[in-house]
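Asker: Here is the input, now give the coordinates:
(2 chains)
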Amino acid sequence: MAMHGRERWIFLCGVLFTLLWAQETDAQSVMMRASVDRTRVEVGDLIQFTVAVEAAQMGSVSAPQVPTPDGLQLTGSTSSTSMSVNIVNGEMTTKRTTTYHFSFRAQRTGTYVLGPAQLAHGGKTIRSDQVRVEVVKRSGRPQTRPAPSTGRSMGQSEIQEIEKNLFLQAIPEKRAVYVGEQVGVTYKLFTRYDLRNVQYGQVPTFTGFWTETVFDAQRLNMQREVVDGRAFNTALLKRLALFPTTAGKQALEQLEVNCEIVAGRRSRGLFDFDPFGAFDTQQVTVRSGEIEIEVKPLPAGAPKGFGGAVGQFEMRAEAIPGKVKAGDPVAVKVVVQGAGNLHAINEPVRPERSGFKFYDPKVNLETQKRGTRLGGQKTFEYVAIPHKTGQVILPPFTLAYFDPAQERYKTVQTKPITLQVTPGEQMPQPVDGLIGEEVRALGSDIQYIKPDRLHLADQSLLLYQRSGFWLLQLVPLLGVAGAYAYRRHRVRLEGDVAYARRRRSRTEAQRRLSKAKGLMEAGDSAGFHGEVHRSLAQFVADRTNRAAAGLTADQIGAVLVERGVEAQVIAGVQDVFGQCDQARFAPGQISVEQMQELFTQTEDLIGALERCI
Amino acid sequence: MRTVIERLLYPIVAVAILGVDTVVASEALVALYNRGNEYYRAGDYEAAISAYERVVAQGLYNGEVYYNLGNAYFKNAQLGRAILSYERALMLMPDDRDVLANLQFANAQKVDRESEDEVNILTRVLQSFFAFFTLDELAVIVCVFVFCLGGVVVCWIFVPVRRLLWGGLVVVFVGGLLSSAAMLAFKAHQHSIPKAIILVDEAIGRSGPGRDFLQVFALHEGTKVEIERVEGGWLLVRLRSGLGGWVEARALERI
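Answerer: Residues are numbered from 1 along each chain as shown, chains lettered A, B, ... in the order given. As a prediction, this is how the structure comes out:
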């Protein structure tokens, strides 16, 4: 191990002093001395076992062997060497001293013997003396111990002096609490020294407690405080909120802080010219005292629904929105607020038979610290679906808790919430009073029979199997054919005069005949015959596409013959023309019956002619 | 001309479009059916069966009668006949949920399991689309396309100038008509394949029409088969899996 700067100067000073005050030593002998820094330690402390080996010659002495007693643990060893030169009467002797430091950690109580350290030199085994060490139980009182690694030993009075001026206090709020009740513990450091490198050593785990840190110092914030008439610098290190989880006597473990005490500038005389090690420091470990807390079990007679909540709590509920459609969800927020361990608060008891279907809540926790008191609020957000419509009341939620201040159980309730539920589109039907559960099939069976009927239709033929269906498909076909024919007819009427006249002929003749009939009924014999003549002549002219004017009876006869009309019909036509001429020249002699007969004859003739021309 | 329309087309339109059935069961048959329902409600399933069977025997083919008959058979623990009746009801009322549900329920009770074919998603989509329309609905769709097509052609004849519009519509309607008619034809073909239900506890399928032929498979009550050939009291039936064999005709009954 390399020597620190300061140690090196001490070593050189030592060399110079040995040069000045020479001592006579046996040059050949090897001497060994053993010592410990303290003979009484507590479990967990370090014991420093030092073996100094003095030899006259250089480089020939091996390192001593130290047995490790059962119950101690060797944690490390270091060595340092010093040299002294003596000149007596012109004769120079040199002496080399090697110091070995062995660190042991005390693991169990008991009395241990350290050593003897042994080393082989020149065929002989050299033994050191033995040291008795007592390991005692760790005491609960606050302690200050110099750290052994610095190598500087400290007297008991010196330790007591330090303990008076530097200590760590654990201050519990109370010594007796109920399970789940908060007990606040504050750790405070008191010092009259200038401290450096303050660090936590062992940090307690607090078994048997639920721990919440209220305050944890990131750096020392010193304040002046007077204790027993003496002014101290105090620093708050930790503030914890502990919640005991089991009943019985619970011990709080000690908090350990390692720090260095700055002892101020040390005068070292003539040879002290260390430019860096301006201050002398002493490393010490400070422990808080052990605290015992009595945890009382919760009294009997817990109300129904009590889930371990201890403290003082309030509860409120709200529902958003206040007006919904049936089947739509409502957000119900239940807030538990107060002081106590909110982690231990279970869900409040939901109202039974509320007419709402609740889904599991979303839980949100906000902790707040007021001094050493831990509290806050825990929010349970439910989604609830109302089953009924109209003015619906959401019954209260309940929470049972134990109030340690009044030492009794209490129950808080939320206020009932009134909701307006309008009938929605899909109203879930509550089935036989079982609200809040989906309808489950209990068994399966076939569907029931069809009901009685007044009529039963024969369904043996499908649509496509019926002839009527296929006949129906002809309708558009006929429609198209008809439309096409009609269109053609219209086109021909416009372009083909002969066709147009032919198509018109029948209607024309009909029109004239009906006019003739009117004249007959009026008794106008001449007019009647004229009209009959014209209708027949015009019909023949239209059918053969000739001009009616100037078409004589003979010419008509010739045309009809040419068209191959039956002679009998031609004779009939000639007869009608003859009768008409006769009537025109001899009016008044024609009876109504004769006219009627002529009319019928003409109609028949037109019908006959239509078929053959 | 008008008289022709009145005498011929009106009744066709009435029958085909409105679905007015010309044949309606006599009051006596309806009363018999209702009496069957009464027996069923009273729990006398055998009496109900005989009532419904008499309705059927007198030539009334009605889905509700077959459905109720199927229920009566099912309650009377005659699974094969129940399935047969449901299948017959389904032919007449392909859309009816009660029939579909009970047929499925009855099919779940039978011994033979029909292996569901592993099909890809496209085939399944096509199948479900295909099954979406009943034969009657397809027939109506075909009919609508025919009328639309006729209407467009008539419009084209009278207003020949808008050639593009009419031409496009004709293409659309011809396409619709052809596809729906193809579907109708395919479905009608499937419909016309004779099918049967096994009614005995176990029917042995053989490699030929006779008891001397090798046994190929065994079918159990309620299983549906397609009939391919008939030969002297033996039927060549084919299962959905494609397996074929000859089964005695008295072991099954046509749907």
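Asker: Looking at chain A, what residue ends up closest to chain B?
Answerer: The nearest approach of chain A to chain B comes at A:P476, 2.3 Å away (Cβ to the nearest Cβ). Using the backbone N, CA and C atoms, a C-beta is placed for each residue, glycine as well.
Asker: Look up the residues forming beta bridges with the closest residue in space to A:Y359 that isn't next to it in sequence.
Answerer: Counting by Cβ to Cβ, 6 or more residues apart in numbering or on different chains, A:Y359 lies nearest to A:V383, which is 4.5 Å off, once chain neighbours are set aside. A:V383 has the following beta-bridge partners by DSSP bridges: A:A331.
Asker: Show the contacting residues for A:V383.
Answerer: Taking Cβ atoms under 8 Å, 6 or more residues apart in numbering or on different chains as the contact definition, A:V383 lies against A:P329, A:V330, A:A331, A:V332, A:F358, A:Y359.
Asker: phi, psi of the residue in chain B sticking out farthest from the centre?
Answerer: Computed with Cα atoms, centre = their mean, the residue of chain B farthest from its C-alpha average is B:V161, at 47.1 Å. For B:V161, the backbone dihedrals (degrees, to the nearest 10) come out as phi -70, psi -30.
Asker: That one and A:M32: what is the separation?
Answerer: 132 Å (Cβ to Cβ, to the nearest Å).
Asker: next one: A:Q312
Answerer: For A:Q312, the distance to A:M32 - Cβ to Cβ - is 70 Å.
Asker: neighbour-wise, which of those two wins?
Answerer: Shown here are A:Q312 and A:M32; by other Cβ atoms under 10 Å in any protein chain shown, A:M32 has more neighbours (23 against 18).
Asker: Chain neighbours aside, what residue packs nearest to the more buried one?
Answerer: Leaving aside its sequence neighbours, A:M32 sits nearest to A:S128 (Cβ to Cβ, 6+ apart; 4.1 Å).
Asker: do the same with A:R503
Answerer: What sits nearest to A:R503 in space, not counting adjacent residues and going by Cβ to Cβ, 6+ apart, is A:L493, at 6.5 Å.
Asker: Domain map for the chain?
Answerer: Just going to use chain A. A:5-138, A:144-294, A:311-422, A:495-612 (automatic domain parsing).
Asker: Wait, chain B was what I had in mind.
Answerer: With automatic domain parsing as the reference, chain B has domains B:2-109, B:121-192, B:195-254.
Asker: wait, does the second one contact chain A?
Answerer: Put plainly, it is domain B:121-192. Yes - Domain B:121-192 is in contact with chain A by Cβ under 8 Å from any Cβ of the partner chain, via B:135-136, B:138-140, B:142-143, B:146-147, B:149-151, B:153-154, B:157-158, B:184, B:188, B:191.
Asker: Restricted to buried residues, select those residues in PyMOL.
Answerer: To isolate the buried subset of these in PyMOL, counting by 16 or more other Cβ atoms under 10 Å in any protein chain shown, use the following:
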select buried, chain B and resi 135+136+138+139+140+142+143+146+147+149+150+153+154+157+184
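Asker: Let's see which of the residues of domain B:121-192 next to chain A end up in helices.
Answerer: For the residues of domain B:121-192 next to chain A, the ones inside helices are B:135-136, B:138-140, B:142-143, B:146-147, B:149-151, B:153-154, B:157-158, B:184, B:188, B:191, with DSSP state H as the criterion.
Asker: before we move on, back to that, quick one, grab the pLDDT at the residue nearest to A:Y359.
Answerer: Among the per-residue scores, A:V383 holds a pLDDT of 83.
Asker: What distance do you get for it to A:V330?
Answerer: Relative to A:V330, and taking Cβ to Cβ, A:V383 is found at 8 Å.
Asker: same question, A:P297
Answerer: According to Cβ to Cβ, A:P297 stands 41 Å off from A:V330.
Asker: And the two? Which one has more around it.
Answerer: The residue with more neighbours, out of A:P297 and A:V330, is A:V330; 21 against 10, by other Cβ under 10 Å.
Asker: Show the pLDDT at the more buried one.
Answerer: A:V330 is assigned 83 on the pLDDT scale.
Asker: do the same with the one 10 residues further on
Answerer: Model confidence at A:G340, given as pLDDT, is 83.
Asker: any idea how far it lies from A:F243?
Answerer: 8 Å.
Asker: Also A:P297?
Answerer: Distance of A:P297 to A:F243, given as Cβ to Cβ: 14 Å.
Asker: Kindly indicate whether A:F380 is helix, strand or coil.
Answerer: For A:F380, the assignment made with DSSP: H, G, I helix; E, B strand; the rest coil gives strand.
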